[in-house]
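>>> below are the sequence and a predicted model; questions follow.
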There are 2 protein chains.
Amino acid sequence: MRRATVYDVAEEAGVSIATVSFAYRHPGRVKDTTRAKVLSAARKLNYVPSASARGLARGRTGVLGLYSFDLLLEHPLGQPQEFREEDEEDEPDLRAYPLYVDEVQRGFELACWHRGQAVLLSSATASAKGETVTDIAGRVDGLALFSWSGKLSTLESLAKTIPIVMLSQSGGDLPVLYLSVDNQTGMTEMVDHLVEVHGVRNMAFVGSQEYPEVRERFEIMCSRLSQRGLIAPESAIDEGFDSPQSFASLQKTVAEGRLPDALVCANDQTALGVLDALRELDVKVPDDVVVVGVDGILAGRFASPPLTTIQLHMEQLGRVAADQLAQRDGRPWSEPKTMTVSARLRVRQSCGCNPTKQRTRSL
Amino acid sequence: MRRATVYDVAEEAGVSIATVSFAYRHPGRVKDTTRAKVLSAARKLNYVPSASARGLARGRTGVLGLYSFDLLLEHPLGQPQEFREEDEEDEPDLRAYPLYVDEVQRGFELACWHRGQAVLLSSATASAKGETVTDIAGRVDGLALFSWSGKLSTLESLAKTIPIVMLSQSGGDLPVLYLSVDNQTGMTEMVDHLVEVHGVRNMAFVGSQEYPEVRERFEIMCSRLSQRGLIAPESAIDEGFDSPQSFASLQKTVAEGRLPDALVCANDQTALGVLDALRELDVKVPDDVVVVGVDGILAGRFASPPLTTIQLHMEQLGRVAADQLAQRDGRPWSEPKTMTVSARLRVRQSCGCNPTKQRTRSL
DNA sequence: CTGAAAGCGCTAACAA
DNA sequence: TTGTTAGCGCTTTCAG
């Protein structure tokens, strides 16, 4: 049976299609009895209004979009469709989920739902790298993007069509909202804490320099160090520590006895990798060397030792993105705009602190 | 500046609108040079095809939807728009996120993304309880629903319009796919484990009987107990343990010295509540009483003691839902269908077992 | 308060 | 290989 349309409902109710539409969209402008007739006809025919048609007529979809990259997609998916029976012992990997992207997404969703708005989620896939973004852009009134690795021209086009938020991107000159985290405050607090509380003098930075965000953190660290009259490292240890073999240079450093006082990692995932590597090399954290991260992902909290980190308020980031997009109501920004979300030091034990923990609950 | 349309692109490229459409949708049926002309015109005009128009013309949106209830929405949202500075000590609440819903959602997303399909997320809100579901149904080619508390008639209408998956609902007679977890196997394994390994004779069940899924688990437990020649409890302890005051009856039980050997909880969240309550009453787990749950949420893994549970493969659930919906390609099911996803016992320490844990990594 | 009618931007026969 | 054209289902002036 064909899906019921306004025409069917109008006929069943004995009114015009305009009245059917009004009954839903402008209830005040229709007599109550008429409205009742319409609604009852609709129910009888299982009428479900087509959002496509409405969107077309109104020039607005009422949906906000969030576009991710596929980092998170590839790894945990494993064998895509098939179900792999897990060992009893093999707990799901905290390092795969939830990550900071998931928290941003959650904030985005919460903000939209609170407004009664739907969220469209999409993701670049390894095959169609960034191709699908235009497709999703055509479906929404506003779009938030995680780090963009596709063509700049694609982005430019989109930015002229709908409002775009670039997440975790500290700035640029496209007419979009660059929404990032306050690396400045966070990294500064971290350096100060390590220097003042733990007497760190010799601070190294670990992180893949490929990402602008990572480079920014490194630079902030160096400049704060200089400000305090300490020597900043010439360069970062350029490793992401996402693969087991990436700890070669660290191994070398240890072997040569040039381990610094502290290893500041560009993010928690890197820090966890470093923690693993150090354990294998029999280096004690925090006794032999201090290790800290940035992000505040869950896995860091349960690492051993629990990871001192800069807690980014990712959920807040997602929420702001959604709220800002909603405000634009489909109108693209006409010039670059920048906003920042706070980040604060969260002291746990990998820096040498020993926060007292009294558990009053089982968690 | 108005958004560019097929007409604009066609004019710019000196072709007809059909050719523009073909250039995108049926690249093979257009001469390469023509296609190039079209694409270049499109780029020049920042053309972003309207999904509304396409959806209308095709009678299909290409999007799959997932509709949640607002349980997860209300609590963690707190003061909606405002940002509340958290105490240093105040870590995000593991009991609020991630929960099993989040894992299902993740599976749903992964399956869709893998197929290059977008996902539309929406949620009932306290104000518009289940009203919005029809709206979202009009936007998608298939919809998965978490436990439905709205009007049955609404659901019936939807089920005649698009394919619907009911998640965690063990069966019914609507023409939808009821997709649930294999409670039978899981609960049976649990009962057997407690009886055989821990010598439990006197087993109680805790959980709010309001939910069908919970009642089902209780019944399975009872019948397995009977099968084994043990006495099944007459009734469950009908508490959700989501509010602090809900432990009154448990308190009474303890006071009267009628604590059973084991408290089997309808889900992990309840179990965590029970753990808290017992701690307050100074009852030791697992020494004085065994406590187990169902779900396998993250919080249970980090509870103290770590919670023995039935691990539901929620991600798998979401994945199957998405795959099944995609297969239907917009055609509703014509009769009820049922599928089940596996669930297995995950032994940790709250049952009295003491799984050896050797950490080779920091996590 | 209700109806007639003109699009909204795109797809897919069908023709050429 | 490309163009013409008739919808897809809904919203929204503008008349009545």
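The structure has been received and is ready for your questions. Numbering: from 1, shown residues only, chains lettered A, B, ... in the order given.

>>> what ranges does chain A have for its strands?
Secondary structure of chain A (DSSP state E): strands located at A:63-68, A:118-123, A:142-145, A:164-167, A:177-181, A:203-206, A:262-265, A:290-295, A:308-312, A:337-341, A:343-346.

>>> the fifth one near chain B at all?
No: remark: strand A:177-181 sits outside contact range of chain B, by Cβ under 8 Å from any Cβ of the partner chain, the gap being at least 13.1 Å. All C-beta atoms are positioned from the backbone trio N, CA, C, and that covers glycine.

>>> for that strand, give me every contacting residue.
The contact list for strand A:177-181, computed with Cβ atoms under 8 Å, 6 or more residues apart in numbering or on different chains, reads A:144, A:163-172, A:213, A:312-313, A:317, A:320-321, A:324, A:333, A:336-343.

>>> repeat that for the last one.
Contact with strand A:343-346 is made by A:181-183, A:185-186, A:189-190, A:193, A:294, A:296, A:308-313, B:88, as judged by Cβ under 8 Å, 6+ apart.

>>> what is the neighbour count of the closest residue to DNA strand D within the stretch 101-250 of chain A?
Residue of the stretch 101-250 of chain A nearest DNA strand D, by Cβ to the nearest atom of the strand: A:Asp141 (13.8 Å). Using other Cβ atoms under 10 Å in any protein chain shown, A:Asp141 is surrounded by 22 other residues.

>>> ok, now the one 4 residues further on?
One way to gauge burial is a neighbour count; for A:Leu145, by other Cβ under 10 Å, it gives 26.

>>> could you do A:Glu196 as well?
Count around A:Glu196 with other Cβ under 10 Å applied: 10.

>>> now do it, the pLDDT please.
Per-residue confidence (pLDDT) for A:Glu196: 97.

>>> low-confidence ranges, the stretch 151-300 of chain A, go.
The stretch 151-300 of chain A contains residues with pLDDT under 70 at A:242-247.

>>> swap that for the stretch 1-150 of chain A, sorry
For the stretch 1-150 of chain A, the stretches with pLDDT under 70 are A:70-90, A:126-130.

>>> near DNA strand D, which residues of it are found?
Selection of the stretch 1-150 of chain A residues close to DNA strand D by Cβ under 7 Å from any atom of the strand yields A:2-3, A:5-7, A:17-18, A:20-22, A:24-26, A:47, A:49-50, A:53-54, A:56-58.

>>> just to revisit the earlier point, can you turn the buried part of the contacts of strand A:343-346 into a ChimeraX selection?
Selecting only the buried entries of these in ChimeraX, with 16 or more other Cβ atoms under 10 Å in any protein chain shown as the criterion:
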select /A:181,182,183,185,186,189,190,193,294,296,308,309,310,311,312,313
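
>>> how is chain A carved up into domains?
Domain assignment for chain A by automatic domain parsing gives A:6-49, A:72-105+A:163-363.

>>> most packed of those?
The highest mean neighbour count among the domains of chain A, using mean count of other Cβ atoms under 10 Å in any protein chain shown, belongs to domain A:72-105+A:163-363: a mean of 19.

>>> which one of the residues in the stretch 251-363 of chain A is closest to DNA strand C?
Nearest to DNA strand C, among the residues of the stretch 251-363 of chain A, is A:Gly330, at 12.0 Å (Cβ to the nearest atom of the strand).

>>> so that residue makes contact with A:Leu143?
No: contact between A:Gly330 and A:Leu143 fails when scored by Cβ atoms under 8 Å: they sit 10.9 Å apart.

>>> rewinding a little: want to throw the strands of chain A into a markdown table with distance to B:Thr34?
Formatted as a markdown table, the strands of chain A follow (distance: least, Cβ to Cβ, whole Å):
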| stretch | distance to B:Thr34 |
| --- | --- |
| strand A:63-68 | 30 |
| strand A:118-123 | 29 |
| strand A:142-145 | 30 |
| strand A:164-167 | 31 |
| strand A:177-181 | 38 |
| strand A:203-206 | 52 |
| strand A:262-265 | 52 |
| strand A:290-295 | 49 |
| strand A:308-312 | 49 |
| strand A:337-341 | 39 |
| strand A:343-346 | 52 |
